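Undergrad: any chance you can model this:
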Amino acid sequence: MKWLRLAVVTICVVLSQPALAAATLDELVARVREESGKDIRFDQARETRFIQERDQQQAKLKVLRNELADSNKKADAYRNTYQANETRLTELDGQIASQAGELNDLFAMVQQNAAEIGSLLERSMISAQFPERGAILTRVIQQESSVSMETLQNLWLMLIHEMHQTGKVTRFSSPVITLDGEEKTQTVTRIGAFNAVADGKFLRFLPDSLKLVELARQPAARHQNMAQALEQAEEGWRAMAVDPSKGAILSLLVQSPGFIERVNQSGAIGYLILIIGVTGVLIVLWRGLFLGATWYRIKQ
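TA: Have a look, this model is predicted:
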């Protein structure tokens with residue numbers, strides 16, 4: 001009986017092993033199929049997403065290509081318009097150049113006259129009272145476009161103003177450089193474009209700085225007295241020494257040596273001549289006194 005039971009158990013165990021193996025294979029196949037289905041679905045999802053992204057990129061690329069084409073069309077249109085405008089401007093420049101020949105000659109003449117007027121006014125003592133005149137002429141000279149009627153009128157008015165001020169005696173406040181090198185604001189009396197005096201002293205005009213400076217050597221005392229009388233006068237006629245060369249003669253006066261300077265320049269010969277002259281004068285005086293005394297005794 002024991003052997004029979006053992007045999008039955010063995011047969012049951014042997015029979016149950018194939019059934020267990022069959023169940024495991026089915027599960028494996030099912031699991032493989034399930035995993036394979038997941039991979040297929042994942043691949044399909046990736047493919048679908050890739051296709052969507054590709055379609056989106058192609059749509060964007062198409063839009064960009066359309067925009068580039070539109071931009072190229074606009075650029076071509078602008079380029080054609082620019083070239084047409086350049087051609088038109090060249091034609092207009094040619095017409096202007098051919099029609100403005102006389103105006104260009106007039107403009108060159110105005111600039112030349114403005115330069116001459118500027119040189120005249122720059123050296124004029126009147127510019128010490130009206131220093132702003134030079135800036136106006138500089139703008140006219142440096143102007144590159146055609147001149148206007150206002151510019152021509154301003155040049156004419158400047159000449160009229162210069163002629164008018166040349167015939168006037170006027171007073172104005174202006175910086176004056178003294179002999180000490182100090183700059184003081186003084187009341188200056190200007191006699192046309194010829195002379196300027198302040199505190200009885202004659203002044204010299206510096207065109208570079210448009211300032212007045214005292215002469216290192218003043219004219220004779222009688223001329224300085226005339227200047228003081230003119231400064232103190234309120235109205236009426238006064239005698240005044242005028243430099244018709246507009247300062248050239250006064251400049252030479254500064255350069256001309258005085259008596260002591262002339263003696264020093266002559267050296268020993270000059271001193272000898274001076275001693276002989278003084279000796280001669282003393283002899284003449286002594287002989288005069290002697291003859292006078294002799295004549296007086298004879299009369300007695």
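
Undergrad: helix, strand or coil for Thr170?
TA: Here Thr170 is strand, with the state taken from DSSP: H, G, I helix; E, B strand; the rest coil.

Undergrad: what sits against it?
TA: By CB atoms under 8 Å, 6 or more residues apart in numbering, Thr170 lies in contact with Gln129, Thr189, Arg190. All C-beta spots, glycine's among them, are computed from the backbone N, C-alpha and C.

Undergrad: got it, and Ala229?
TA: Arg238, Ala239.

Undergrad: recalculate using a threshold of 10 Å.
TA: Gly200, Arg238, Ala239, Met240 (CB atoms under 10 Å, 6 or more residues apart in numbering).

Undergrad: and the longest helix for the chain?
TA: Secondary structure assigned by DSSP state H gives helix 2-99 as the longest helix of the chain.

Undergrad: for the helix or strand following that helix, C-alpha coordinates in PDB please.
TA: Per DSSP states H and E, the first helix or strand lying C-terminal to helix 2-99 is helix 101-123. Taking Å, rounded to 0.1, in the frame of the first residue of the first chain, the C-alpha atoms of helix 101-123 are listed here in PDB:
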ATOM      1  CA  GLY A 101      26.100 130.000 -62.700                       C
ATOM      2  CA  GLU A 102      25.500 133.700 -62.200                       C
ATOM      3  CA  LEU A 103      24.300 133.100 -58.600                       C
ATOM      4  CA  ASN A 104      27.500 131.200 -57.800                       C
ATOM      5  CA  ASP A 105      29.600 134.100 -59.200                       C
ATOM      6  CA  LEU A 106      27.500 136.400 -57.100                       C
ATOM      7  CA  PHE A 107      28.100 134.200 -54.000                       C
ATOM      8  CA  ALA A 108      31.800 134.100 -54.600                       C
ATOM      9  CA  MET A 109      31.800 137.900 -55.000                       C
ATOM     10  CA  VAL A 110      29.900 138.300 -51.800                       C
ATOM     11  CA  GLN A 111      32.300 136.100 -49.900                       C
ATOM     12  CA  GLN A 112      35.300 138.100 -51.300                       C
ATOM     13  CA  ASN A 113      33.700 141.400 -50.300                       C
ATOM     14  CA  ALA A 114      32.800 140.000 -46.900                       C
ATOM     15  CA  ALA A 115      36.500 139.000 -46.400                       C
ATOM     16  CA  GLU A 116      37.600 142.500 -47.400                       C
ATOM     17  CA  ILE A 117      35.100 144.200 -45.100                       C
ATOM     18  CA  GLY A 118      36.100 141.800 -42.300                       C
ATOM     19  CA  SER A 119      39.700 142.800 -42.700                       C
ATOM     20  CA  LEU A 120      38.800 146.500 -42.700                       C
ATOM     21  CA  LEU A 121      36.600 146.300 -39.700                       C
ATOM     22  CA  GLU A 122      39.100 144.100 -37.800                       C
ATOM     23  CA  ARG A 123      41.700 146.800 -38.000                       C
END
